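In: return a 3D structure for these sequence lines:
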Amino acid sequence: MLLVVDVGNTNIVFGVYEGETLVHHWRVATRVERTGDEYGMMMANLFQLSGLNPREVKGGIIGSVVPPVQSALVRALRRYFHITPLLVGPGIKTGVPIRYDNPKEVGADRIINAVAAYDHFRQAAIVVDFGTATTFDLVGEQGEYLGGAIAPGIGLAMDALFEKTAKLPRIEVARPRQVIGRDTVGSMQSGMFWGYVGLVDGLISRIIEESGFASVRVMATGGLAKMIASESKSIETIDEFLTLTGLRIVYERNQ
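Out: The predicted structure follows:
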């Protein structure tokens with residue numbers, strides 16, 4: 001079995017693969033203060049509850065945008081799973097040329113998503129990842145990473161609206177029944193939901209136009225992908241586990 005770990009600013013997603021099949025996956029909150037032992041015991045318990053044997057894990061790979069958590073997870077996998085995981089970063093083979101002014105600035109998750117998207121489409125593509133930040137990444141016709149855009153995630157925007165205003169409440173992100181809100185909550189939900197639909201479609205349109213490619217496929221991933229994609233005119237397909245797939249592919253390319 002292969003253990004893949006996607007460490008984001010808000011959540012960590014663990015996946016277990018048998019060949020190309022994702023057999024189990026779990027999502028937990030990212031906590032910088034957790035130690036390697038805490039992460040190790042957590043993963044061991046998740047395996048036990050799912051009827052999996054940690055001793056059957058023969059390899060691992062971590063893609064992280066939170067360095068302290070990455071270090072703790074490496075210690076956890078060494079102690080509790082007896083493996084030394086690959087780390088997505090400089091020196092690892094991804095098969096994706098990075099056309100960024102400073103390649104070291106590109107988050108591991110963005111490169112991993114590019115790997116998985118090109119493997120899926122085999123042509124130019126845009127990946128929209130709805131995470132703590134909403135990222136837009138352009139993959140070229142030969143699989144090269146060409147850059148993209150970063151916007152605040154919906155959750156961040158919602159928190160900022162609540163924290164920086166005196167009278168607006170904290171609300172749930174949801175698709176409102178209508179664009180014209182008839183109360184404060186409805187107005188806020190309209191601004192967030194339809195505002196992000198417009199942001200997504202507008203940025204995708206501009207990226208495609210600027211790229212000059214004749215055909216660009218568009219895929220979404222991340223927690224709110226389904227909600228936004230339901231009204232987006234640009235997003236073609238959703239893959240909840242795109243990043244896990246990318247991690248698996250990168251691991252295989254380094255064997």
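
In: quick check: mean pLDDT across the helix or strand containing residue 150?
Out: Using DSSP states H and E, residue 150 sits within strand 145-152. Here strand 145-152 scores 96 as its mean pLDDT.

In: buried stuff in that strand?
Out: Going by neighbour count (16 or more other CB atoms under 10 Å), the buried part of strand 145-152 is 145-146, 148-149, 151. All C-beta spots, glycine's among them, are computed from the backbone N, C-alpha and C.

In: chain center to it, what's the gap?
Out: Here the centre of strand 145-152 is set off from its chain's centre by 13 Å, with CA atoms, centre = their mean, to the nearest Å.

In: ok, then the element right after that strand?
Out: helix 154-163.

In: distance from the chain centre to that following helix, please.
Out: Using CA atoms, centre = their mean, the offset of helix 154-163 from its chain centre is 19 Å.

In: sorry, back to before: just the CA atoms of the strand holding residue 150, as PDB, please.
Out: What follows is strand 145-152, C-alpha atoms only, in PDB (Å, rounded to 0.1, in the frame of the first residue of the first chain):
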ATOM      1  CA  TYR A 145       3.300  24.600 -15.300                       C
ATOM      2  CA  LEU A 146       2.800  28.100 -16.600                       C
ATOM      3  CA  GLY A 147       1.500  30.000 -13.500                       C
ATOM      4  CA  GLY A 148      -1.900  31.200 -12.500                       C
ATOM      5  CA  ALA A 149      -3.700  33.300  -9.900                       C
ATOM      6  CA  ILE A 150      -4.400  33.200  -6.200                       C
ATOM      7  CA  ALA A 151      -7.500  34.700  -4.600                       C
ATOM      8  CA  PRO A 152      -8.700  34.500  -1.000                       C
END
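
In: quick one: the helices in the stretch 1-150 of the chain?
Out: Using DSSP state H, counting those that start in this stretch, the helices found in the stretch 1-150 of the chain span residues 36-49, 67-76, 108-121.

In: and the average pLDDT for the second one is what?
Out: Okay, so that is helix 67-76. 95.

In: kindly report the same for stretch 17-27.
Out: 95.

In: repeat that for stretch 197-210.
Out: pLDDT averaged over stretch 197-210 gives 97.

In: so residue 209, which state does it fall into?
Out: helix (DSSP: H, G, I helix; E, B strand; the rest coil).

In: residues touching it, list them.
Out: The contact partners of residue 209, by CB atoms under 8 Å, 6 or more residues apart in numbering, come to none.

In: much appreciated, bye for now.
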